[in-house]
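Engineer: I'd like to go over a predicted model; first the sequence, then the structure.
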Amino acid sequence: MNVGRLLGQGQGQRSRAPKLDLSHNIILYLEDISVSFDGFKALNNLNLYIEAGELRCIIGPNGAGKTTMMDVITGKTRPDVGSAWFGQTVDLLTLSEPEIAAAGIGRKFQKPTVFPNHSVFENLELAMAGDKSVWKTLIAKLSGEQLGRIDEVLKIIGLTERVEALAGGLSHGQKQWLEIGMLLMQDPELLLVDEPVAGMTPQETEKTAELLTSLAGKHSVVVVEHDMAFVRSIARTVTVLHQGSVLAEGSMDQVQNDPKVIEVYLGD
Ligand SMILES: Nc1ncnc2c1ncn2[C@@H]1O[C@H](COP(=O)(O)OP(=O)(O)OP(=O)(O)O)[C@@H](O)[C@H]1O
């Protein structure tokens, strides 16, 4: 269990982060971003704009640069050139990974990383306290407001009935929802979600579609996913990456009928 990855990212410091400036209704700007690995361009002049409150799906063949793009947004990888802004005023390229998380960008990796020996409730509780030094005293100190937030998140992720269950005993889908719930405890402005339905049953996939759709509006959500039926079920706007750049962008119908997309991706 990589506790640091999940909780040690400066979370719990949100109250100190400056308020996000969304006056132009754009929450994320990636402009002319290039990233090279040993001379190979994983991202090549990438331009991407995400509106406040939107649910955007990113698709693209293997190696298109989707993970590298998420890594740039979260500060894990620094671009060779380009700019990355969170709202109008937060220059992501000047912030560390913990500072980016604290500023309000939450990332859910493909593999769930819940604490298996803790209950659903405790997982949410721990996620609220990014500072591990307060864990021991946390239970005694939970305010009514914090309990209310846990209750609210339990409802959003559909795990109210399983609140006392050990996270390790949950189904794969339930673990994914719990981890989304853990991110929600930090109330991120922007959620990055990597392949949320991989390995899920059709019923779990459907519930995940409902969950992510319900988050849009209050949060901005960027989903990277290979499952086209799932993308079709949730996406308003789809961005297709290919060779590190945006190949096409539009509704699912628009991109699926785009000859460039058919050639490089959907037609294979
Ligand atoms: N640390 C690294 N060192 C060298 N090459 C890398 C590194 N990270 C990514 N790459 C390469 O950059 C390219 C883009 O990779 P990336 O993982 O971003 O693609 P992706 O769209 O997420 O692919 P997938 O759908 O398979 O996850 C790939 O060719 C990959 O091999």
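Structural biologist: Thanks, I have the structure now.
Engineer: so which residues on the stretch 51-200 of the chain come close to the ligand?
Structural biologist: Applying Cβ under 6 Å from any ligand atom, we find that the stretch 51-200 of the chain lies next to the ligand at Gly60, Asn62, Gly63, Ala64, Gly65, Lys66, Thr67, Thr68. All C-beta atoms are positioned from the backbone trio N, CA, C, and that covers glycine.
Engineer: now the buried members of those residues.
Structural biologist: Gly60, Ala64, Gly65, Lys66, Thr67, Thr68 (16 or more other Cβ atoms under 10 Å).
Engineer: how about residues contacting stretch 223-231?
Structural biologist: By Cβ atoms under 8 Å, 6 or more residues apart in numbering, the list of residues contacting stretch 223-231 from outside reads 55-59, 66-67, 70, 192-198, 205, 208-209, 212, 234, 238, 252, 266.
Engineer: before we move on, what about stretch 145-161?
Structural biologist: Residues contacting stretch 145-161 (Cβ under 8 Å, 6+ apart): 120-121, 124-125, 128, 163, 170, 174, 177-178, 180-181, 184-185, 207, 211, 214-215.
Engineer: give me the element Ala84 is part of.
Structural biologist: strand 81-86 (DSSP states H and E).
Engineer: got a list of contacts for that strand?
Structural biologist: Under Cβ under 8 Å, 6+ apart, the answer for strand 81-86 is 20, 27-34, 45-46, 72-73, 91-93, 100, 103-105, 189-190.
Engineer: what ranges of the stretch 51-200 of the chain fall below the confidence cut-off?
Structural biologist: Confidence mapping of the stretch 51-200 of the chain against pLDDT under 70 gives the ranges 129-141.
Engineer: hmm, try it at 50
Structural biologist: By pLDDT under 50, the stretch 51-200 of the chain has no low-scoring segment.
Engineer: what's the helix or strand that comes right after the strand holding Ala84 packed up against?
Structural biologist: The helix or strand immediately downstream of strand 81-86 is strand 90-91, counting by DSSP H and E. The contact analysis (3 or more Cβ pairs under 8 Å, 6 or more residues apart in numbering; DSSP states H and E) places strand 90-91 against strand 81-86.
Engineer: give the pairing partners of the strand it packs on; include direction for each.
Structural biologist: strand 26-37 (antiparallel), strand 90-91 (antiparallel) (DSSP bridges).
Engineer: would Lys207 count as being in a helix?
Structural biologist: Yes. The assignment for Lys207 is a helix, going by DSSP: H, G, I helix; E, B strand; the rest coil.
Engineer: distance of the residue positioned nearest the centre of the chain relative to Lys111?
Structural biologist: By Cα atoms, centre = their mean, the chain has its centre lying nearest to Leu192, at 1.7 Å. Relative to Lys111, Leu192 is positioned 15 Å away (Cβ to Cβ, to the nearest Å).
Engineer: which residues touch Met70?
Structural biologist: Contacts of Met70 (Cβ under 8 Å, 6+ apart): Arg107, Leu192, Asp194, Val222, Val224.
Engineer: top of the residues you listed by neighbour count?
Structural biologist: Val222 (25 neighbours; other Cβ atoms under 10 Å).
Engineer: report the separation between that residue and the ligand.
Structural biologist: Per Cβ to the nearest ligand atom, to the nearest Å, Val222 is found 13 Å from the ligand.
Engineer: now do the SS call for that residue.
Structural biologist: strand.
Engineer: my guess is it meets Ile58, correct?
Structural biologist: Yes. Contact criterion Cβ atoms under 8 Å: Val222 and Ile58 qualify, at 6.4 Å.
Engineer: just the CA coordinates for the helix or strand where Glu99 lies, please, in PDB.
Structural biologist: Per DSSP H and E: Glu99 is located in helix 97-103. Output of helix 97-103 as PDB, limited to C-alpha atoms (Å, rounded to 0.1, in the frame of the first residue of the first chain):
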ATOM      1  CA  GLU A  97       3.100  17.400  -6.900                       C
ATOM      2  CA  PRO A  98       1.900  18.000  -3.300                       C
ATOM      3  CA  GLU A  99       1.200  21.600  -4.100                       C
ATOM      4  CA  ILE A 100      -0.800  20.700  -7.200                       C
ATOM      5  CA  ALA A 101      -2.900  18.200  -5.100                       C
ATOM      6  CA  ALA A 102      -3.400  20.900  -2.500                       C
ATOM      7  CA  ALA A 103      -4.500  23.400  -5.100                       C
END
